[in-house]
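# After the sequence you'll find the predicted model.
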Amino acid sequence: MSTATFESAARSPLTTPAFRALWIATIVSNIGTWMNDVGSAWLMTSLSPSPLWVAMVQTATTLPIFLFALPAGALADVIDRRKLLIGSQLLILVGAAALATTTWLGLTTPLLLLGLTAVMGLGAALSAPAFQAIVPELVDRPVLAEAISLNSLGVNIARAIGPALGGVIVALSGPPAVYALNAVSILAVLGVLVMWRRQVEVSSLPAEHFFGALRSGFRYARHAPALQLVLIRAVAFFLFSSALWALLPLVGRRELGLDAAGYGALLGCMGAGAIVGAVGLSLLRKHVSPNSLSICASLLFAVATLSLAHAPNVWVAGIVMLLAGLAWITMLSALNVAAQMAVPAWIKARALAIYLLVFQGAMTAGSIFWGALASRTDITTALSIASTLTALATVIALRFRLPAANAVDLTPSGHWASPAVAGDHAADRGPVMILIEYRVDPARTAEFASALHSFKSVRKRDGALRWDVFVDAETPGLVVESFVVASWFEHLRQHERVTNADRLSQEQMQRFHIGDVPPVVRHLIAPPVVAGSKRLSTRRSPLTFLKGVD
């Protein structure tokens, strides 16, 4: 082995035992999940011939993720992620075992099938943000993008094996067998999670409350342009690409005349294409930008969707699904990596939950729409329209471009010094106003005040409820930045959240500052409420003066 090859292998995430064990176990579990999905889709075509009912199986899988992904992300950021993952896997195990039992006894109805599928979807919703957020805990940052791609590769290895294997088992033994095997496969992930000794980084501050963490997640997404870009691109793609997933069971059964094994093989072709795409991505990333890859992937998926609508036989459909798999993994990997890189560690699970919420929400809404459209028209028409809209939506990539991996460094910088406090202010009081006094050349005051507005989104993203800039009417060149946070603890969390990218931006801004003394930072804390008095409001409460330097 050459030195370059050896170094490349040494940098592989698979050299990390915890990541490798969880990666393998997840592949086993995902194979069970895909077998389960094949069984459910095929069972529903037997229980009800309606395209809408068949498409609702996809909806029952994705709707819980849409509804519960953000609460799950908040939980993953405020409690032990390992315990959350163990609990969610147990919920999926219960759902799979119940579905195996009721189907074996002949008691499964369309509504019961959708209900138990939704239970397993709830387990997936609770685990998905935590699973994605623990990747940076398992591997070093230089190989993070490769680890994310390996996770996508693992999913598609399962997609290549699971559907084909599930189709054969359904054909030989019926849906109850795949449900039971899915339940068994979950034990692999549970075993690794139970054995994993997670290293938790202890903060001196108390954990955020659940509802406060939810608000922080929404606030961050509202004021983080990089994350918003990923969300816009996700909606533009998944809303229309969901048609292929929702209507594929009907294409297999009605248009191509396949049995369960043939349908599983069709899905296996898509998984095989995804594996080819995942392997090729590691080489393409060195020469092609993520945005260019996403454009090519979206157009290829549009072509595949249109070709599937008019596929004359199963052989052509198999080739089409290979291309669809290649396009799907390319787009999914580009969006996943961009979402991971767009946010720092403290908000990662919540931000990824918002991404999953948008992803699955678009898939859920799309599945319902395309199923209803196919019921009113036909499968070919619905897929043709979806293909056209997928291609048209690609134009949005010209305006909302995906950034390169590692474009910004979001690791904590710790460059804010602890605020100097007079007296005992350890209690979590609030609100807190932070004032930063800059002295600039009076001729550049307007230019500086305008440039300072770039910090508005940063301050609000990290916890500020209000942000303003003031120019001193008496002293030329004195500019004051102010922002208000809910509590003293929340401001101390801002000290922990500031990143190296923020530090670089702050250094650029402070080049306007003149004089040997750095900008003065003042902290104003609302005093304790006197017994019997009215509670102080955030806007009008008097503020105790504290002085320190950030």
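Received, thanks.
# Could you use CA atoms for every contact and neighbour count after this?
Will do.
# so what secondary structure elements neighbour the helix or strand where Gly212 lies?
Element membership for Gly212, per DSSP states H and E: helix 210-222. Secondary-structure packing of helix 210-222 (3 or more Cα pairs under 8 Å, 6 or more residues apart in numbering; DSSP states H and E): helix 51-78, helix 225-250, helix 348-376, helix 455-461.
# Between helix 348-376 and the first one, find me the angle.
Inter-element angle recorded for helix 51-78 and helix 348-376: 180 degrees (by axes from the mean of the first three to the mean of the last three Cα atoms, to 10 degrees).
# For Asn313, grab the count of nearby residues.
Using other Cα atoms under 10 Å, the number of residues around Asn313 comes to 12.
# where along the stretch 401-550 of the chain do the strands fall?
With DSSP state E, counting those that start in this stretch as the criterion, the stretch 401-550 of the chain has strands at 432-439, 466-471, 478-485, 520-525, 544-548.
# Same list, those, but as TSV with distance to Ile92 and mean neighbour count please.
Below are the strands of the stretch 401-550 of the chain laid out as TSV (distance: least, Cα to Cα, whole Å; neighbours: other Cα atoms under 10 Å):
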stretch	distance to Ile92	mean neighbour count
strand 432-439	44	22
strand 466-471	42	15
strand 478-485	40	21
strand 520-525	47	20
strand 544-548	51	15
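# who's in contact with the residue nearest the centre of the chain?
Centre of the chain computed as the mean C-alpha position; nearest residue by Cα atoms, centre = their mean is Leu352, 2.7 Å away. Going by Cα atoms under 8 Å, 6 or more residues apart in numbering, Leu352 touches Gly73, Pro129, Gln132, Ala133, Ala339, Gln340.
# cutoff 10 Å now
Neighbouring residues of Leu352 by Cα atoms under 10 Å, 6 or more residues apart in numbering: 69-70, 73, 128-133, 217, 227, 336, 339-340, 342-343, 358.
# what's the answer for Ser457, then?
Residues near Ser457 by Cα under 10 Å, 6+ apart: Arg219, Tyr220, Arg222, His223, Ala224, Pro225, Ala464, Trp467.
# Next up, phi/psi of the fifth one, please.
The main-chain torsion angles of Ala224 are listed as degrees, to the nearest 10 and equal phi -120, psi 100.
# nearest spatial neighbour of it, skipping sequence neighbours?
Closest residue to Ala224 apart from its sequence neighbours, by Cα to Cα, 6 or more residues apart in numbering: Arg461 at 6.5 Å.
# Relative to Leu214, how far out is the one you found?
As judged by Cα to Cα, to the nearest Å, Arg461 and Leu214 stand 13 Å apart.
# so what sits against both of these two?
Tyr220.
# Okay, and Ala274 sits in which element?
Counting by DSSP H and E, the element that carries Ala274 is helix 260-284.
# Measure how that helix sits relative to helix 225-250, angle-wise.
Calculated by the same axes, to 10 degrees, helix 260-284 forms an angle of 150 degrees with helix 225-250.
# Show me what helix 260-284 is packed against.
For helix 260-284, the elements it packs on are helix 17-47, helix 144-173, helix 225-250, helix 290-309, helix 314-341, judged by 3 or more Cα pairs under 10 Å, 6 or more residues apart in numbering; DSSP states H and E.
# Show me how far that helix is from its chain's centre.
How far helix 260-284 lies from its chain's middle: 22 Å, per Cα atoms, centre = their mean, to the nearest Å.
# Could you do stretch 511-519 as well?
That offset, for stretch 511-519, works out to 40 Å (Cα atoms, centre = their mean).
# got the domain boundaries for the protein?
The chain breaks down by automatic domain parsing into domains covering 16-196+207-398, 432-548.
# got the end-to-end distance for the first one?
Start-to-end span of domain 16-196+207-398 (Cα to Cα) is 38 Å.
# again with stretch 102-115
Terminal-residue distance, stretch 102-115 (Cα to Cα): 12 Å.
# same deal with stretch 470-484?
Between the opening and closing residues of stretch 470-484 lies a distance of 14 Å (Cα to Cα).
# Val343 contacts Ala224, correct?
Yes. Using Cα atoms under 10 Å, Val343 makes contact with Ala224 at a distance of 8.4 Å.
# The closest residue to Pro64 other than its chain neighbours and Ala69, how far apart?
Leaving aside its sequence neighbours, Pro64 sits nearest to Leu122 (Cα to Cα, 6+ apart; 5.0 Å). For Leu122, the distance to Ala69 equals 9 Å [Cα to Cα].
# overlap in contacts of these two?
Common contact partners of Leu122 and Ala69 (Cα under 10 Å, 6+ apart): Leu63, Ala128.
# For Pro442, the count of nearby residues, please.
Each residue near Pro442 was counted by other Cα under 10 Å, and the total is 14.
# Spit out the contact partners of it.
Here Pro442 is in contact with Phe448, Thr475, Pro476, Gly477, Leu478, Val479 (criterion: Cα under 10 Å, 6+ apart).
# between the helices and strands packed on helix 260-284, which one is nearest to Ser384?
Of all the helices and strands packed on helix 260-284, helix 290-309 sits nearest to Ser384, with 5.2 Å by Cα to Cα.
# Can you pull out the low-pLDDT segments for the stretch 151-300 of the chain?
Within the stretch 151-300 of the chain, the stretches with pLDDT under 70 are 156, 159, 200-206, 282.
# cutoff 80 now
Within the stretch 151-300 of the chain, the ranges that satisfy pLDDT under 80 run 152-153, 155-164, 167, 197-212, 259-261, 263-264, 267-268, 271, 274-275, 278-287.
# any idea which of the helices and strands packed on helix 210-222 scores lowest on pLDDT?
Here those differ in mean pLDDT, and the lowest is helix 51-78 at a mean of 80.
# just how off-centre is the helix or strand following that one within its chain?
For helix 51-78, the following helix or strand on the C-terminal side (DSSP H and E) is helix 81-104. In terms of Cα atoms, centre = their mean, the centre of helix 81-104 is found 22 Å from the chain centre.
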